[in-house]
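Novice: show me how the following folds:
(chains A and B)
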Amino acid sequence: MSSDYNHKSIEEVIQKKWDQEKRYVSKIDDREKYYCLSMFPYPSGKLHMGHVRNYTIGDVISRYKRMKNFNVFQPMGWDAFGLPAENAAIENKVSPDEWTEHNIENMKSQLQSLGFSYDWSKELRTCDSNYYKWEQLIFKKFYDAGLVYRKKALVNWDPVDETVLANEQVIDGKGWRSGAQIEIKEIDQWFIKITDYADELLTSLDSLDWPENVKLMQRNWIGKSFGAEIEYKLEDDKKSLVTFSTRPDTIYGVSFLAISPNHKLAEDLSKNNKDIAIFLEKCKEIKAAEADIAKAEKLGIDTKLKVIHPLTGEKIPVWIGNFVLLDYGTGVVMGVPAHDLRDFEFAKKYALPIKEVIKNSGDELPNSNKGKLINSEKFNGIFSDDASKKIIQELIKLKSGKELVQFRLRDWGVSRQRYWGCPIPVVYENDEPKVVDENNMPVELPRLKENSLPIPLSQNKEFINLDESRYRESDTFDTFMDSSWYYARFTSSDNQKNIFDDNTKYWLPVDLYVGGIEHAILHLLYSRFFHKALRDIGLLEGDEPFKRLLTQGMVLKDGAKMSKSKGNTIDPQSYIEKYGADTVRLYMMFTSPPEQSLEWSESSVEGASRFLNKIWKLASKRKNLKFEKSFKFTKQELDLRRKSHLTLKKVENDYESRFSFNTAIASIMELLNFIPEDFKSESARDSQKFCLNEAILFILKMLFPIAPHISEYLWNNFINDKSCIETSWPEFDNEIVESDEFELVIQVNGKVRGKMHSNINMTEDEIKDLSLNIKNVKNIIGENKIKKIIFVKNKLINFVT
RNA sequence: GGGGAUGUGGUGGAAUUGGUAGACACGCUUGGCUUAGAACCAAGUGCCGCAAGGUGUGGGGGUUCGACUCCCUCCAUCCCUACCA
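Specialist: All right, here's what the predicted structure looks like:
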């Protein structure tokens, strides 16, 4: 064996071996299954550091689970539809499918060079008609189940390029290419009724082993709120405006109603009122994204209409407000300036009355706290919650309102006006939409003619026009549709006849899903919805797709997310070449815990490489020794054995329940540092050599999930039999781990004043006497009386004076 | 605007249940080896102080014998916000 650690040749040899053995092709067997999935990448061109981190975490856990005798399934594929392919086509004159194909090849070879244990036999890509024909079938089944409908919805329209823009393509209200002022336009689109499942999506979160913050985000996103629908009759008119409010207790504080600029009434009024028409035009300039609407200056215009307050009979003005969303509630807000910050600002700006109806001592206006009602006629003095109930009862009596549960969650608009996506399988016959028959699926995405730019399907006459009376839908699906069910299709991706099969039953649900925190809401919620809907259709079993979730933090450089526009990207490839896959993997796992963000540091990579070199030096020239009964261990030898077994125990816990790989690596490093120099020399006694070899054996096993190439290579050389490093995990010996000595901490008033080696069998009194005799402790206590002694067994004693 | 995180040495981070703050690593300093450098090896390294000791986990306040950890409050940074993936 060579004396230098040569990562290149080692990694090649080991990867070839895995390939020949087909080690990571998974089949159903008797062992407990473990489906470990990392979020598949969009094939943007090259792997970035976020991918490397994500996939290393998934691979470490997969390998560890394999050593623990689980039947592990870890597939990989490509989320291959999306906007960047179209952009690349426009910029570089390559067709989206060629560009995507090329990127996949490139990224696949990068993944392979990192030694991830994927079952490539199940690889899938969402842009294959073999994949998306099933997506079209799912759409049909959803349609048949009443989960699909058509509705007008808003899009960003670029009047110069004559195209719909994504939110990220709108910069400061202008189109990113044309620079034209974008408009908000309303067009017909397909929607999926995710709101039918709102309640279940909420309640079944409780059954999931997910990070609490992700569950909380989903709960808030679904946003179930209890409130009332309250009707305000328009003066001089039979019509009325209906508002939704979660705070009916503040109804006596209403000083205006605000309706959305997209509300039908607003549009009707604009026909005969120039000022309103101008105002609505102005509102159309604001980007449709929620954050932009919320940040924009709050503007309004008085419609001069008045409504009648259902309880007081007062006349209340109706305004149009640019901050009112049509999609949430009824598109009409009741303005209570005293108890809502937004309403307060609006009222101040337009000199509307502010009437306080909830009183808490010390609260300044505006405040949205609950409290006792004032200025509320017969409801005065009643507390908010109770008052809300009574007011709703009153409104019901007057036929002016009802109790209502409202969700913030909106139905999912899945239509996209793009080329590079899955065609929505619909044909219009005399303008009536009909979902395409299963026999006529897939509706294939038409290929581009050579050297032509991707045009939206709506402009592709050959594709669209079928005959005189029939034409195709020209929108494609949101790419979130593609990624909402891939976890299930992975299990049966080689089955051309059926969407799912027995393998699906065996492998699902995903036992661990690893991916970026940025997907906490949308992707994860859509997938959960898909799973439930597919269950109700009879295609899948179980209530949830992902049993356990690990959300990894971002990789940062100079405190910011790595991105091309900031020019702070680091290309993993050069590091893989220079230091090898094992070093890159080790670095990634060592630098910070998986859920935290990771700050890239150049020099720490070298540190990781140095550590592997040390392991190589220690292990490459040794052969394992079997335990001999004749060994009589010295204290120093026993100390090393204890350290080895303790480390094993800690690392197992870190892998198993905490996913705390950085601390696992730190303790392996500690063990390595702990080995006495003379144990390594040629002249060491056999019992010393045994203790050293035991440490090496453990180190190789513990390090394998993280740095598999070097560990397996050294293992094959070190161990005298033909055993495979990946098939077992060593067991620690509790008798060796336990020690009857510990270091006692002695405190005076909670401050450490001394330490002492103690035996676990010592009584509190013995410890007390010994501690009080320590010079420093004596000095600090001095003349003071000891009022109290806190004694924590096998840990500390604290004298309170 | 709403929602979710994070904040500890020069740097990445550790402290798992309220019980020794700074493990492990990077960097730096000094020394060894070397013609020189790289690599490697040894020692040191939160801050103030010669020392005794004091002080220290974003700021301020609180609970406790004891707080990075629990509570209140303020500040800063990052992520998501429904057409980026």
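
Novice: just the pLDDT for residue A:564.
Specialist: At residue A:564, the predicted lDDT confidence score is 67.

Novice: kindly apply the preceding question to residue A:490 instead.
Specialist: With respect to pLDDT, residue A:490 scores 98.

Novice: verify the stated contact: it with residue A:38.
Specialist: No. Counting by CB atoms under 8 Å, residue A:38 is not a contact partner of residue A:490; they are 11.3 Å apart. Glycine gets a C-beta too; all of them are placed from N, C-alpha and C.

Novice: any common contacting residues for these two?
Specialist: Counting by CB atoms under 8 Å, 6 or more residues apart in numbering, residue A:490 and residue A:38 have no shared contacts at all.

Novice: can I get stretch A:542-553 in PDB, CA atoms only?
Specialist: Output in PDB follows, covering the C-alpha atoms of stretch A:542-553 (Å, rounded to 0.1, in the frame of the first residue of the first chain):
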ATOM      1  CA  GLY A 542     -51.500   6.200   3.700                       C
ATOM      2  CA  ASP A 543     -52.300   9.700   4.700                       C
ATOM      3  CA  GLU A 544     -48.900  11.400   4.300                       C
ATOM      4  CA  PRO A 545     -46.000  11.200   1.900                       C
ATOM      5  CA  PHE A 546     -43.100  12.200   4.100                       C
ATOM      6  CA  LYS A 547     -42.900  10.700   7.600                       C
ATOM      7  CA  ARG A 548     -39.900  12.500   8.800                       C
ATOM      8  CA  LEU A 549     -38.400  15.800   7.400                       C
ATOM      9  CA  LEU A 550     -35.000  17.300   7.600                       C
ATOM     10  CA  THR A 551     -34.700  20.800   6.400                       C
ATOM     11  CA  GLN A 552     -31.200  21.800   5.700                       C
ATOM     12  CA  GLY A 553     -30.000  25.400   5.900                       C
END
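
Novice: now that stretch: buried residues?
Specialist: With burial defined by 16 or more other CB atoms under 10 Å, the residues of stretch A:542-553 counted as buried are A:544-553.

Novice: near RNA strand B, which residues of the stretch 151-300 of chain A show up?
Specialist: Proximity of the stretch 151-300 of chain A to RNA strand B (CB under 7 Å from any atom of the strand) is limited to residues A:153, A:155-156, A:164-168, A:189, A:212-213, A:216-217, A:220-221, A:288-291, A:294-295.

Novice: filter those residues down to the ones in strands?
Specialist: With strands defined by DSSP state E, the entries of these inside them are A:153, A:155-156, A:164-165, A:189.

Novice: wouldn't residue A:787 be in contact with residue A:801 here?
Specialist: Yes. Using CB under 8 Å, residue A:787 makes contact with residue A:801 at a distance of 6.2 Å.

Novice: counting neighbours, go ahead and name the busier of those two.
Specialist: Applying other CB atoms under 10 Å to residue A:787 and residue A:801 shows that residue A:801 carries more neighbours, namely 13 against 9.

Novice: who's in contact with residue A:156?
Specialist: The contact partners of residue A:156, taken as CB under 8 Å, 6+ apart, are A:164-167, A:169-170, A:182-185, A:287-288.

Novice: could you check the pLDDT of the closest residue to it other than its chain neighbours?
Specialist: With sequence-adjacent residues excluded and distances taken as CB to CB, 6 or more residues apart in numbering, residue A:156 is closest to residue A:165, at 4.3 Å. The confidence metric pLDDT takes the value 93 at residue A:165.

Novice: so what's residue A:165 up against?
Specialist: Residue A:165 makes contact with A:155-158, A:175-176, A:182, according to CB under 8 Å, 6+ apart.

Novice: out of those, who's nearest residue A:245?
Specialist: Residue A:245 has its nearest neighbour among the contacts of residue A:165 in residue A:155, at 29.6 Å by CB to CB.

Novice: that concludes my questions; thank you for your assistance.
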